[in-house]
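1. Curious how this folds, go ahead:
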Amino acid sequence: MAERILIVEDEQKISRVLQLELDYEGYETTVAANGKQALEYIEAEDWGLVLLDIMIPELSGLEVLRRVRRQGNETPVILLTARDEVYDKVNGLDLGANDYITKPFQIEELLARIRANLRKTVQSGSSSDETLQAGDLQIDTAAHEVTRSGNMIDLTPREYDLLVCLLENKNRVLTRDQLIEKVWGFDYIGETNVVDVYIRYLRQKVDKGYDKAYIQTIRGVGYSIKEGSQ
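-> This is a model prediction of the structure:
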């Protein structure tokens, strides 16, 4: 069965080109021209992925994303934006976007990002339910819940994926490039310091206020979760 992709784009020429290209690649597509319509489509139907333009009428793309994630909907979302500001990218990722691409873009790059995000969804859906753990830090992958000493920790989707990756490789050191490939995708184009930024976010939520710090920096190499770290 073809993956269903919702294209949220108010510029008709762009949405038409995207629809033609994606249909040619074998995807089943629908177009929403504004944020209100997009939200209605997302709430009413199941989608493999959403291409979401930030600058759309009715509700902005970021507001649509915020509402969707608040409802617990984890459908992969790739933001489309003409803006090249770091703030917009970080804000979108913090709200739960899985990826972003800045206009103008090459269709080949967008298709690669779509494939990478759909592949992650298949992989996560096929994995067996389990608990990842390091001491009193636990992730219930079935419930998508993170706790430490029984206290619930609220993470963004990207923070969650990064923590899962570190715990799946507990006591192993992962380089920034390895983390980018595993969490952001092998075709991620951007600065490697995005890893440092999200490690800092994780430390604030996972380690701050506790005697034991699990997330460790291995100078000149990368990061690791060490179960026996202090």
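2. where's R67 relative to G222, distance?
-> 36 Å (C-beta to C-beta, to the nearest Å). C-beta coordinates here come from the backbone N, C-alpha and C atoms, glycine included.
3. just E43 next, same as before
-> 40 Å.
4. So for these two, which sits in the more crowded spot?
-> G222 (18 against 11; other C-beta atoms under 10 Å).
5. got the contact list for the helix ranked longest in the chain?
-> When the chain is parsed with DSSP state H, its longest helix is helix 107-126. Residues outside helix 107-126 that contact it (C-beta atoms under 8 Å, 6 or more residues apart in numbering) are 3, 5, 17-18, 21-22, 25, 27, 48-49, 51, 76, 78, 98-99, 101, 185-187, 189.
6. where do the helices sit along this structure?
-> 12-24, 35-44, 61-70, 86-94, 107-126, 157-168, 176-179, 193-206.
7. by contact count, what packs against the first one?
-> The elements that helix 12-24 packs onto, with contact taken as 3 or more C-beta pairs under 8 Å, 6 or more residues apart in numbering; DSSP states H and E, are strand 4-8, strand 28-32, helix 107-126.
8. and the ones you listed, which is most packed in?
-> strand 4-8 (a mean of 22; mean count of other C-beta atoms under 10 Å).
9. what pairs with it, and is each one parallel or antiparallel?
-> Using DSSP bridges, the strands paired with strand 4-8 are strand 28-32 (parallel), strand 49-53 (parallel).
10. can I get those strands in JSON lines with distance to E227 and mean pLDDT?
-> As requested, the strands paired with strand 4-8 are arranged in JSON lines below (distance: least, C-beta to C-beta, whole Å; pLDDT from 0 to 100):
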{"stretch": "strand 28-32", "distance to E227": "45", "mean pLDDT": "95"}
{"stretch": "strand 49-53", "distance to E227": "36", "mean pLDDT": "94"}
